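Asker: sequence plus predicted model, see below.
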Amino acid sequence: MTLQTDYIGKPTNRVDGPAKVTGGAKYAAEYNVPNMLYGYVVSSPIAKGKITKIDAAPVLALAGVQQVFSHENVPHYAFFDRSYQDEIAPGGSPFRPLYDAEIKFSLQPVALVVADTFELARYAASVLYIEYEEVAHETKLSQHIDDAYEPGTGKTGYQPPKSRGNFGKGWKEGVAHVEAQFSHHAQHHNPMENFATTVEWLGDKYLNIYDKTQGAFNSQLLVTKIFGLSKEQARVVSKYTGGGFGSGLRPQYQLLLAVMASLELERSVRVSLTREQMFSFGHRPETMQHVALAAAADGSLTGINHFAVAETSQFEDFTENVVGWSGMLYDCKNVALGYRLAKLDVYTPLDMRAPGAASGSIALEIAMDEMAYAAGLDPLEFRIRNYSDRDQAQDLPYSSKALRKCYHEGAAKFGWEKRTAEPGSMRDGNLLVGWGMGGGVWDATTKPATVRASLDADGHLTVSSGTNEIGTGTYTIMTQIAAESMGLPIEAVTFVLGDTELPESPLQGGSWTAASVGNSVVEACAALGEKLLKQAQKMDSLAFKDVKIEDVQFANGQMRLRSDSTKAMVLRDVVQASGEGKIEAQNAKEKSKLAALKPPKYSMHAHNAVFVEVKVDPDLMTVHVTRVVNAVAAGRILNPKTARSQVLGSVVWGLGMALMEESVMDHRFGRYMNHSLAEYHVPVNADIHDIDVIFVNEEDDKVNPLGIKGIGEVGMLGVAGAVANAIYHATGKRVRDMPITVDKLL
Amino acid sequence: MNSFTFTQAAAVDAAVREKASHDGAAYIGGGTNLVDLMKENVARPTHLIGLKKLGLDTIENTPDGGLRLGALATNADTAYHPEVISRYPLLNQAILAGASPQLRNMATDAGNLMQRTRCYYFYDLATPCNKREPGTGCSAIGGYNRVCGILGTSDSCIATHPSDMCVALAALDTIVRVSGPNGERTIKFEDFHRLPGNHPERDNTLEPGELITGLDLPKKGFSENFSYLKLRDRSSYAFALVSVAAALELDGNTIKDARLALGGVAHKPWRDQAAEAMLVGQPATADTFRRVAAKVLENAKGYGENTFKIELAKRAIVRALKQATEMKEAVDTNAFLNSNP
Ligand SMILES: Cc1cc2nc3c(=O)[nH]c(=O)nc-3n(C[C@H](O)[C@H](O)[C@H](O)COP(=O)(O)OP(=O)(O)OC[C@H]3O[C@@H](n4cnc5c(N)ncnc54)[C@H](O)[C@@H]3O)c2cc1C
Ligand code: SF4
C-alpha cells in the first residue's frame, strides 16, 4: 500500500499523553463507584497442602466486615474445566480461586475479606485465622529434568519445534564445536499498575467491570462462562493499562473474586492486589537449556542442537517457543530441537515480553559467540556467513527480511570494525571494555479485528475497537492511521478502545495489535468512504455521479476526485445532508478471518541486531552497559517516536534480564522471597546510558496491506546474550547463568 | 496493617511521657521504614507519636568545633548542608549513596539509625525469623542469604544493618544523644547498634522509651582524604552488598590517622579499630591496604549465597583506601566513573 503519509510514519506525540500526566487517565482501581465495598485477598503461606480450618467468626464480628469468602462458602458456579479456560488458557485444568481446600502454590488466594473500607478489609485479612496441613512440595527445576515431558499443543499458536536433517551427521562434519548449558531464573512482569478490578453492581446481575487486563473481551469471556452471565450483563471496560508485558493476557484471579463478591453481596466491589501478590501468578518460566553447535572450516554451521526444559504448574501445560528460533535465525541443514516441561508446585507461567524467544535467544546468541571464537571469526562476520535467506523451519520464503541491513547499519553506527577480538584487549583507562552482539527473530502476526468508523455532522471522526492500550501507543497510532485514511487533521479524530461494547478485537499481545487493528482501521475507513460517496451521489452533485471509490481521494476534510481536485465536497456537508447526524461503517471481520485461515505462502518475521558495550572494573568486577545500538527490521514504522520507545524499553528489559532481574525462590518454602520492588531489581535510570535505535528500511507488501510487523517485542531479542558476550569480551569470563551479578564474575 | 492513633508531640519530654503511657506506641520520623513494616504487619504499633514538631530538625555548630545534627533533620537536608559538604564530605557521600531522592527527602537522621534490616525473611510473615519472632528460627541460614552478613553473625541471626549513612557516622566517631524516662544520656556510635548474639530482636542499645534527639559529629571530619564506596546490584535504589567508608589523615605518603568502617556485612556498621591501628604509620600503598583488608575479613564467615562478599569486601577496602589516598577526582560512590587509577 502506498501512502501519502501526512501522519503515518511521522513522529507523533501520544494523544493520551495529557490525560496520563494530569491524572485524567483512569485505571481499574480508580473508578470510585458509589457505595462500593473493598475486598482484600488472603494468600497462602505454604506451597502445597490443604486448608484444614478457617475461623472467620472473630473477623466477621468486626463492625464493617461484610463477608469472608473462602472455599467453605463460595458456591461452585461452574463445574467443567472449559468454563475456567480463558481465550489463551494452555492445556490442563485452570486454577479455580476459592474452589476447594487444596493448596497448589505459595501465595495462592485462600480467602477474600470484604469490608466497608480498604483499611478494614486489609486489617481483617491480616488476622483471619487459617490452619493448613502442609505436604512436601517440589519447586526445583534442576531436580525434574529427568521427568520432563513433551507437551501437547494445548496452547493456541504453540507448535512443537521441528528438527530437520541429521544433527549427528552435522556434528561430525564440523571442525569446530561448542556445547554448553544455560539457565535463568523465573521473572515476574511487575508492571507499575497492580492488578485490580472494580465491579459496579447495576442491579439484577448487570455489572460494569473495570478490569486491569490486556484484553477486555478475554475477561468478559471468562466471567460469562464461569458465572453464567450474558455479555450484556458483564460489560468489561479497560481504558488504560499501567503496563502489561503479558501479565494481563490471562485474566487474573482478582477479577473472578471481585465478580463473585459482587454477585453474592449484590454490591459494587473492588479487589486490588498487593505488590507481593503480583508474585502469585503467571511469570516467565525458569528454563535450563543445552546448546551444541558445529561449524565447518569456512565458518558455516553444520549442526545446531538446542534443547530446553521449562517449568510449568501441576495443573496446566504452559508452552512457549524457546528453541524454535534456533531453527530459523541461521542457515543450517542439520537441526535438532527439543522442548520439555517439568511440573512444579508453582502457578502456571505466562507469556512475558518476547516469551520463549527472550529466553532461548540468550542461549543461542551466547553459543554463537562461543562458536565465533572457536572458529576464529568475528562474531558479526560469523553470523553473516550463516545468513538464512529462506525460512528453513517452515520451508517458505520470507515476505521480507532486512536483517542484513540491521547488521550493517548497526555495526556502522556502533563502530564495530574497531573491535579487537582478544578478550581483555580493549581498555578505557583502567576499565575493561567489552563489545558483544546478538540478535533475533520474532513473529509478525496479523489477527482478525473489527473496527467501526463514524463521522459526525461536525466532521469529527470517531474510530473504535475493543482493543487495549498497555502503554505501547495504540491510541496514538490508530488515530494516525484513521486521520491518514480519511484525510482529516489528527485533532478531528478520536480513537476509542477498551470496552466490550465496541467492535471485537484480539488480545493486546504478541506485537500484533498495530498490524491487526491498524489494517482493520484502514478497512473500516474504506467502508466509511464508500458510504460517504454513496451519500454524496444522492446529493445533487454532478461531479460525483458515476464515480467509483477508486476515483475518489480523501484530503483536507474533503472528498475529491483524483482526476480533478477542484471537484470536491466537504465531508461535514455530506454527513449533514444525510440527516442522520452521523455516517458509520464497520470492516468485515469475516473477510480477515478467512484470510487468516489460508495456509501462509510466506514466512513473516521481524528481526534485529544489537551491539553492546560494557565497561567492567577489573578489580571489583562491577559491570556497566555504556552503549547499545539496536537495529530493527520490522516493516513499516507507523510512529517512529512511540516505536523507538518500545525498542528503548525492550533494551532496558534485556539489560535487566542480563544483569539483575530474577525472582528468587527459597525452595524450602517453595516461595519467591524478593517479592517487592525494592528487592526485585529492574534497571533504574542510573543504569541506562546511550541507547541508539535504528529502524532499517523494510518494505513488505505481503505481510499485510500496511506492511506492519509489530515492534513491542523484537527489540528485546539478543540483548541479554549480547551483554553476556560483551562481558566475555571484556573479562574472558563466560557466564551462562542469568542474571550476571557481581558474584558470578569475582 | 492495624488501626492506630496518632499524636504530634510538642516537646521532647512530652513525647517520652506519651510513649511511656501507651503500650505498643512507636515514634515516627519520616515513616519510610516504619509505614512499610506496618503494611507488611511486621510492626503493629497501636499508637504513633509524631516527632516533626519537636524542633529537632536543625543542624548547628557545637562549641567544641563539631556539628550537631538534629534527630529530625532529613537525610537530604543533612547531606546538602554546607557544613556537611565542606567539613564532613564522607557523610555527604554516604547519605547520597542511599535510597533515592524521594526517600531521602522524607527520611530523618534518627530514623536512618533505627531502620530495620532488609533480610527478606524478616519482611515475610510466612517464614520463621528470630528477629521478627524470637525463637522461631533463622530462615536466612541455609536459605537465600545473598543480602546477609559475614562478620559478627550468630547462630540466631545473620542479618545486616542496611544503612549507608551510619557507616560514615561510625567512621567519624559520632555521639548519639538520647532522652528517655530516666533523663538524657549519650551513646558512642560504636555502642549504639549491637551484634545479634542470642537476641537478634534487639537492633541497638536504646532503652525502652528512649528518643534520639541528635547526633554530634566531632571536629575532625577527614575532609581531605576520604571515600565512601558502595557496591550494589544496580546503580541506585539498592542496598549495599558491601560498602566501605574510608578516611585518612596523611603526612606525605604516610598514614597519620585512619578510619575504616564497612556496611552491608554485619548487624551493625562494622568499624574495625584494629585495622585502623594497622594503617597508622604505614605508607599509603596498595600493599598496606591489602594487608589491612585481609585482617578485616580474617574472621569473616560466608553462608553460601553471600560468601562472595568476603572477597568483594577485601577488594572494596583496597579500592576505597586507594581512592581516599589519591583523591583524584570527586569520588564516585559507584566505583565506576572513577575507577581509573
Ligand atoms: C526502597 C528503599 C530503599 C532504601 N535504600 C536505602 C539505602 O540504599 N541506604 C540506606 O541507608 N537506606 C535506604 N533506605 C532506608 C531509609 O534510609 C530509611 O527508611 C530511613 O532512613 C528511615 O528514616 P525515617 O525517618 O523515615 O524512619 P521511620 O520509618 O519514621 O522510623 C524508623 C524507625 O525509627 C524509629 N524512630 C524514628 N525516629 C526516632 C527517634 N527520634 N528516636 C527513636 N526512634 C525513632 C521509629 O519508631 C521506627 O522504628 C531505603 C528505604 C527504602 C524504602
Ligand atoms: S538473618 Fe535475622 S532477620 Fe534474617 S531470617 Fe535470620 S533471624 Fe530473621
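Answerer: Yes, it's here. Since this is a predicted model, take the numbers as computed values, not measurements. Ligands and ions are numbered 1, 2, ... in the order given.

Asker: what's the domain layout of the chain?
Answerer: In the absence of a named chain, this looks at chain A. A:17-24+A:448-597, A:31-136+A:191-274, A:144-187+A:283-444+A:604-745 (automatic domain parsing).

Asker: not what I meant, chain B
Answerer: Split by automatic domain parsing, chain B gives B:5-52, B:225-326.

Asker: so who does A:Ala367 touch?
Answerer: A:178, A:180, A:182, A:291-293 (Cβ atoms under 8 Å, 6 or more residues apart in numbering or on different chains). From N, CA and C alone the C-beta is placed, and that goes for glycine too.

Asker: how about it, phi and psi?
Answerer: Backbone geometry at A:Ala367, expressed as degrees, to the nearest 10, gives phi -60, psi -40.

Asker: before we move on, back to that, out of the domains of chain B, nearest to ligand 1?
Answerer: domain B:5-52 (2.8 Å; Cβ to the nearest ligand atom).

Asker: still on that earlier bit, deepest of the domains of chain A, which one?
Answerer: Most buried of the domains of chain A by mean neighbour count (mean count of other Cβ atoms under 10 Å in any protein chain shown) is domain A:144-187+A:283-444+A:604-745; its value is a mean of 22.

Asker: that older thread, deepest-packed of the domains of chain B, please.
Answerer: Among the domains of chain B, the stretch with the highest mean neighbour count (mean count of other Cβ under 10 Å) is domain B:225-326, at a mean of 21.

Asker: that one vs ligand 2: in contact?
Answerer: No. Figure legend: domain B:225-326 not in contact with ligand 2 (Cβ under 6 Å from any ligand atom); closest approach 8.3 Å.

Asker: coming back round to it: out of the domains of chain B, the one nearest B:Pro128 is which?
Answerer: For B:Pro128, the closest of these is domain B:5-52, at 13.4 Å, according to Cβ to Cβ.

Asker: chain center to the closest one, what's the gap?
Answerer: 21 Å (Cα atoms, centre = their mean, to the nearest Å).

Asker: and that domain, anywhere near chain A?
Answerer: Yes. Domain B:5-52 is in contact with chain A by Cβ under 8 Å from any Cβ of the partner chain, via B:Asn41.

Asker: now that domain: mean pLDDT?
Answerer: Averaging pLDDT along domain B:5-52 gives 97.

Asker: any part of that domain near ligand 2?
Answerer: No. If you take Cβ under 6 Å from any ligand atom as the test, domain B:5-52 misses ligand 2, and the best it gets is 10.3 Å.

Asker: just checking, what packs against whatever helix or strand B:Arg315 lives in?
Answerer: Element membership of B:Arg315, judged by DSSP states H and E, is helix B:308-326. If you count contacts as 3 or more Cβ pairs under 8 Å, 6 or more residues apart in numbering or on different chains; DSSP states H and E, helix B:308-326 packs onto strand B:225-231, strand B:242-251, strand B:254-263, helix B:286-296.

Asker: CA atoms of it as CSV?
Answerer: Provided in CSV are the C-alpha atoms of helix B:308-326 (Å, rounded to 0.1, in the frame of the first residue of the first chain):
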residue,chain,number,x,y,z
PHE,B,308,31.3,-13.8,47.7
LYS,B,309,31.0,-10.8,50.0
ILE,B,310,34.3,-11.8,51.7
GLU,B,311,36.3,-11.4,48.6
LEU,B,312,34.3,-8.4,47.4
ALA,B,313,34.8,-6.6,50.8
LYS,B,314,38.5,-7.1,50.6
ARG,B,315,38.7,-5.6,47.2
ALA,B,316,36.4,-2.8,48.1
ILE,B,317,38.5,-1.9,51.1
VAL,B,318,41.6,-1.7,49.0
ARG,B,319,39.8,0.5,46.4
ALA,B,320,38.3,2.8,49.0
LEU,B,321,41.6,3.4,50.8
LYS,B,322,43.2,4.0,47.4
GLN,B,323,40.6,6.5,46.4
ALA,B,324,40.9,8.2,49.8
THR,B,325,44.6,8.5,49.3
GLU,B,326,44.6,9.8,45.8
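
Asker: pass me the low-pLDDT residue ranges in the chain, would you?
Answerer: With no chain named, the answer covers chain A. A:1-5, A:590-597 (pLDDT under 70).

Asker: nope, chain B
Answerer: In chain B, residues with pLDDT under 70: B:329-341.

Asker: go again with 50.
Answerer: Along chain B, the model assigns pLDDT under 50 to residues B:330-341.

Asker: can you list the residues of it near chain A?
Answerer: Close to chain A, as judged by Cβ under 8 Å from any Cβ, chain B has residues B:1-3, B:41, B:118, B:120-121, B:123-127, B:139, B:142-144, B:146-147, B:231, B:233-239, B:241, B:308, B:311-312, B:315-316, B:318-319, B:334-336, B:339-341.

Asker: follow-up on the earlier one: of the domains of chain A, which is nearest B:Gly281?
Answerer: Comparing the domains of chain A by Cβ to Cβ, domain A:144-187+A:283-444+A:604-745 comes nearest, at 25.6 Å.

Asker: show me what residue of the stretch 351-500 of chain A gets nearest to chain B.
Answerer: Nearest residue of the stretch 351-500 of chain A to chain B: A:Gly429, at 3.6 Å (Cβ to the nearest Cβ).

Asker: near ligand 2, which residues of the stretch 101-250 of chain B?
Answerer: Counting by Cβ under 6 Å from any ligand atom, the residues of the stretch 101-250 of chain B near ligand 2 are B:117, B:119, B:121-122, B:129-131, B:138-140, B:148, B:157-159, B:200.

Asker: pick the one among those residues closest to ligand 1.
Answerer: Among those, and counting by Cβ to the nearest ligand atom, the member closest to ligand 1 is B:Thr117, at 10.8 Å.

Asker: need the contact list for that closest one.
Answerer: B:131, B:159-162, B:203, B:267.

Asker: which two from those residues end up farthest apart in space?
Answerer: B:Lys131 and B:Pro162 (12.7 Å).

Asker: these two - which one has more neighbours?
Answerer: Shown here are B:Lys131 and B:Pro162; by other Cβ atoms under 10 Å in any protein chain shown, B:Lys131 has more neighbours (24 against 21).

Asker: just give the nearest non-adjacent residue to the more buried one, would you?
Answerer: B:Pro200 (4.3 Å; Cβ to Cβ, 6 or more residues apart in numbering or on different chains).

Asker: who's in contact with residue 27?
Answerer: No chain in the question, so chain A it is. Contact analysis of A:Tyr27 by Cβ under 8 Å, 6+ apart lists A:193, A:196, A:212, A:240-242.

Asker: was after chain B, sorry
Answerer: Contacts of B:Tyr27 by Cβ under 8 Å, 6+ apart are B:15, B:19, B:48-49, B:51, B:211.

Asker: mind redoing it with 7 Å?
Answerer: B:19, B:49, B:51, B:211 (Cβ atoms under 7 Å, 6 or more residues apart in numbering or on different chains).

Asker: and it, how far is that from B:Val167?
Answerer: Going from B:Tyr27 to B:Val167 by Cβ to Cβ, to the nearest Å gives 23 Å.

Asker: show me what the helix or strand encompassing B:Arg68 is packed against.
Answerer: For B:Arg68, the element it lies in under DSSP H and E is strand B:67-70. Under the contact definition 3 or more Cβ pairs under 7 Å, 6 or more residues apart in numbering or on different chains; DSSP states H and E, strand B:67-70 sits against strand B:59-61, strand B:211-217.

Asker: redo these as JSON lines? Include distance to A:Glu286 and mean neighbour count.
Answerer: Output for the helices and strands packed on strand B:67-70, formatted as JSON lines (distance: least, Cβ to Cβ, whole Å; neighbours: other Cβ atoms under 10 Å in any protein chain shown):
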{"stretch": "strand B:59-61", "distance to A:Glu286": "50", "mean neighbour count": "14"}
{"stretch": "strand B:211-217", "distance to A:Glu286": "45", "mean neighbour count": "24"}
